[in-house]
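Participant: coordinates only, sequence not included:
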């Protein structure tokens, strides 16, 4: 069954917002960590999002794949850069990463069609 990554992204965004209203310090701290970690620096935000996507694939996190494909595209990553990131993740994570690399490809296909 193919997942709807746009829906997953939107659903999780709403749930994170809801969780933020219930545990604001924790979610606020995580949000701050995310913003600081992906801010422009020696590495570009795009590069940092591609790294996060590679990690998301290797740790097999569907929600993370949805967010980081979306955010990599938003930060200016091309489809080709995302595909190369998937390749590096597969090299590092083996067969399971290959399966989640396919999930990332599906997310890419869905997000690119939406733009």
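Facilitator: That came through, no problem. What you are looking at is a predicted structure, and each value in this text was computed from that prediction instead of being measured. Numbers count the residues shown, from 1 in each chain.

Participant: Around residue 95, count how many other residues there are.
Facilitator: Neighbour count for residue 95, taken as other Cβ atoms under 10 Å: 7. In this view, the C-beta of every residue, glycine as well, is placed from N, C-alpha and C.

Participant: secondary structure element for residue 82?
Facilitator: Per DSSP states H and E, residue 82 falls inside helix 79-114.

Participant: Quick one: list the elements packing against that helix.
Facilitator: For helix 79-114, the packing partners by 3 or more Cβ pairs under 8 Å, 6 or more residues apart in numbering; DSSP states H and E come out as helix 5-22, helix 45-59, helix 62-74.

Participant: where's the most centrally placed residue in the chain relative to residue 110, distance?
Facilitator: Closest to where the C-alpha atoms of the chain average out (Cα atoms, centre = their mean) is residue 68, at 1.6 Å. Separation of residue 68 from residue 110 (Cβ to Cβ, to the nearest Å): 14 Å.

Participant: on that earlier part again, would a markdown table of the helices and strands packed on helix 79-114 with mean pLDDT and distance to residue 103 be doable?
Facilitator: Below are the helices and strands packed on helix 79-114 laid out as a markdown table (pLDDT from 0 to 100; distance: least, Cβ to Cβ, whole Å):
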| stretch | mean pLDDT | distance to residue 103 |
| --- | --- | --- |
| helix 5-22 | 94 | 8 |
| helix 45-59 | 97 | 8 |
| helix 62-74 | 96 | 6 |
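
Participant: And the ones you listed: which comes nearest residue 33?
Facilitator: Taking Cβ to Cβ as the criterion, helix 45-59 is the member of these that comes nearest to residue 33, at 12.0 Å.

Participant: ok so, going back, orientation of the helix holding residue 82 relative to helix 5-22 in degrees?
Facilitator: Helix 79-114 runs at 90 degrees relative to helix 5-22, counting by axes from the mean of the first three to the mean of the last three Cα atoms, to 10 degrees.

Participant: what about helix 79-114, distance to the chain center?
Facilitator: 10 Å (Cα atoms, centre = their mean, to the nearest Å).

Participant: what's the angle between that helix and helix 45-59?
Facilitator: Going by the same axes, to 10 degrees, helix 79-114 makes 90 degrees with helix 45-59.
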